[in-house]
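[1] give me coordinates for this.
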Amino acid sequence: MEQIFSKLIFKTNGEGLTDITHNLNLFIQKSNFQSGILNLTSLHTSCSLTINENADPNVLKDLKKFMKSIVPNNCYTSLSKERKEIYYEHFQEGEDDMPAHIKTALTNTNLSLSFQEGEIILGTWQAIYLWEHRFSKKERIISVHIIGSKS
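    Numbering: from 1, shown residues only. This is a model prediction of the structure:
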């Protein structure tokens, strides 16, 4: 068994989901690993990692719309009987910053996945996505830890 630690940089196009599956498989193969465990960690507090469907793009659109409905910008409505509007106190980096932190807290910043024959084991319709929660384009760093057998 061998292991490596590395960092991969992904550029996002702003708010939305970016399929990073192919890039991760390439990294495993270029590192000459055959089988093992891949641990991914987002080094940011306003984006996340998720596994979801890669066949119908409407799934990703619906996920994005649902997340916006439960985590609105600027303020949210309390669940109390009074239904009071509560404004975010953290807004110094823009109206999308605090909602991005909440979205990250509700999702994943870390994934652990098995791989065989240099390919991550996923279901037929699954892909690994970097979910950008900020409006603008960002450069995101994902920490990669692989433990496994080399070719």
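
[2] mind giving me the packing neighbours of the worst-scoring helix or strand of the chain on mean pLDDT?
    Lowest on mean pLDDT, DSSP states H and E among the helices and strands of the chain sits strand 75-77, with a mean of 91. Under the contact criterion of 3 or more CB pairs under 8 Å, 6 or more residues apart in numbering; DSSP states H and E, strand 75-77 touches strand 85-87. Heads up, the C-betas are built off the backbone N, CA and C, glycines and all.

[3] and the helices in the chain?
    Taking DSSP state H as the test, the helices found in the chain are 21-30, 57-70, 97-106.

[4] tell me the contacts of Lys84?
    Lys84 is in contact with 77-78, counting by CB atoms under 8 Å, 6 or more residues apart in numbering.

[5] burial count for Pro72?
    13 (other CB atoms under 10 Å).

[6] chain neighbours aside, what residue packs nearest to it?
    Pro99 (6.9 Å; CB to CB, 6 or more residues apart in numbering).

[7] surely the one you found touches Val71?
    Yes - between Pro99 and Val71 there is a contact at 4.9 Å, judged by CB atoms under 8 Å.

[8] how about the strands in the protein?
    2-11, 16-19, 33-42, 47-53, 75-77, 85-87, 110-116, 119-120, 126-132, 139-150 (DSSP state E).

[9] residues contacting the fifth one, please?
    Outside strand 75-77, the residues within contact range by CB under 8 Å, 6+ apart are 83-88.

[10] so the residue positioned nearest the centre of the chain bridges to which residues?
    Centroid-nearest residue in the chain, with CA atoms, centre = their mean: Leu49, separated by 2.0 Å. With DSSP bridges as the criterion, Leu49 is bridged to Asn108, Leu130.
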